[in-house]
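Novice: My questions concern the predicted model and sequence given below.
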Amino acid sequence: MERNVVGVVNNQFHAHRIVVGVVILKRAFSSSAANATKVAVLGAAGGIGQPLSLLLKHNESISHLALYDIVNAPGVAADLSHINTHSKVTGYSPDNDGLKHAVTDATIIVIPAGVPRKPGMTRDDLFNTNAGIVKDLATAAAQYAPKAFMAVISNPVNSTSMIQKVTTLDVVRSSRFVSELKGTDPKNENILVVGGHSGVTIIPLISQSGAKFTDDELKALTHRIQFGGDEVVKAKAGTGSATLSMAFSASRFTNSLLRALNGENGVVEPAYVRSPLFESKGVEYFASNVELSREGVGKIHDLGPLSQYEKDLLEAALPELKKNIAKGVDFVHKQ
Ligand SMILES: NC(=O)C1=CN([C@@H]2O[C@H](COP(=O)(O)OP(=O)(O)OC[C@H]3O[C@@H](n4cnc5c(N)ncnc54)[C@H](O)[C@@H]3O)[C@@H](O)[C@H]2O)C=CC1
Ligand SMILES: O=C([O-])CC(=O)C(=O)O
């Protein structure tokens, strides 16, 4: 299993190393490493980076939080370092090899660096700017922290990443939206969302929750989940996109990965990874439930039973996903 995963990921890494270089799974996580766990956040002074770093400062599994940004990371680090939890916090700017120092010896590197959307933009409109940013950061990470696990948040993640937690945000949103409709506790609503992370590539599998909705409710709910990001972009009126709910989701994903790296079995999170599920249809990356392990990506779960409505959503998503992935791959090959 390990060799299999390593092979797949190393291939991916060679093929896509510039854009994303996201998971390098060669080394099994050792318990001594678990005792000294460094997490680096690249883009740490931004709208997502700051609350994410705050949440990670509260994570007892992290011993060192290294914050990097092109602006203000030392300030954010100084501020967080006064919080009375054990972890050390350090901040780096591009001067004096800051990026190198931020990522060296990191166990996990989380990347929320990049430009967010403004109203009227699609996530794809961010590609030209953000692919270059992710490329530079992933290249440095590959060079100075070749054993680290990387998680990319920067949009458009359908094109820029191999493993990320965007579907965590979609799942977090779905469970909240469904609980609002049904008047239930969102903690008990676990709605799986698969596919990708933009518009029609977001496929909520609401039928698996057992909840009953009318056709109109189901359509409206699906649309709200698929375009939840737009709801926030519109409400923020030109000042950015979702940051706090994303930070919450990224913190949850990072914590799950740390639990799995520390040897806990059965830790499952939705993640957009290189996946065999729709490879035969030319879609090499796909988000589904993934069992996290000491090697990062463990067992990739299949989708489970789909209603006809969900099968139709899947059919609509696959060609779009294929295009998004091809865009990332082309970018890499042109480097
Ligand atoms: N995957 C997902 O579900 C979600 C993704 N996003 C994406 O996350 C990204 C960040 O969003 P926000 O935090 O709201 O943006 P922001 O503009 O508030 O923060 C971005 C930060 O990245 C930094 N940055 C830019 N270039 C950098 C570089 N080369 N190296 C290091 N840092 C760099 C900026 O200085 C800034 O502090 C956007 O691309 C956004 O679309 C946002 C929400 C959800
Ligand atoms: O909508 C955006 O651009 C940010 C994002 O990915 C989300 O909130 O789902």
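Specialist: Happy to help now that I have it. Ligands and ions are numbered 1, 2, ... in the order given.
Novice: where do the strands sit along the stretch 151-300 of the chain?
Specialist: In the stretch 151-300 of the chain, the strands defined using DSSP state E, counting those that start in this stretch lie at 193-195, 202-204, 267-274, 285-293, 296-300.
Novice: So for residue 179, which of those strands sits nearest?
Specialist: For the strands of the stretch 151-300 of the chain, the distance to residue 179 is smallest for strand 202-204, at 13.6 Å, taking Cβ to Cβ. No exception for glycine: its C-beta is placed from N, CA and C like everyone else's.
Novice: Out of the strands of the stretch 151-300 of the chain, which gets nearest to ligand 2?
Specialist: Relative to ligand 2, the nearest member of the strands of the stretch 151-300 of the chain by Cβ to the nearest ligand atom is strand 202-204, separated by 8.5 Å.
Novice: what helices or strands is that closest one leaning on?
Specialist: Here strand 202-204 touches helix 166-182, strand 193-195, helix 215-226, helix 308-334, going by 3 or more Cβ pairs under 8 Å, 6 or more residues apart in numbering; DSSP states H and E.
Novice: out of those, deepest packed?
Specialist: Highest mean neighbour count of the helices and strands packed on strand 202-204: strand 193-195, a mean of 29 (counted as mean count of other Cβ atoms under 10 Å).
Novice: Can you name every helix or strand that that strand contacts?
Specialist: helix 166-182, strand 202-204, strand 285-293, helix 308-334.
Novice: rerun at 6 Å
Specialist: helix 166-182, strand 202-204, strand 285-293 (3 or more Cβ pairs under 6 Å, 6 or more residues apart in numbering; DSSP states H and E).
Novice: Sketch out the low-pLDDT regions of the stretch 151-300 of the chain for me.
Specialist: Scanning the stretch 151-300 of the chain with the threshold set as pLDDT under 70 gives 161-167.
Novice: Now it against ligand 2: closest residue?
Specialist: Per Cβ to the nearest ligand atom, residue 229 is where the stretch 151-300 of the chain lies closest to ligand 2, at 2.3 Å.
Novice: before we move on, the earlier item: mind putting the helices and strands packed on strand 193-195 in TSV, distance to ligand 2 included?
Specialist: Converted to TSV, these look like this (distance: least, Cβ to the nearest ligand atom, whole Å):
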stretch	distance to ligand 2
helix 166-182	6
strand 202-204	9
strand 285-293	13
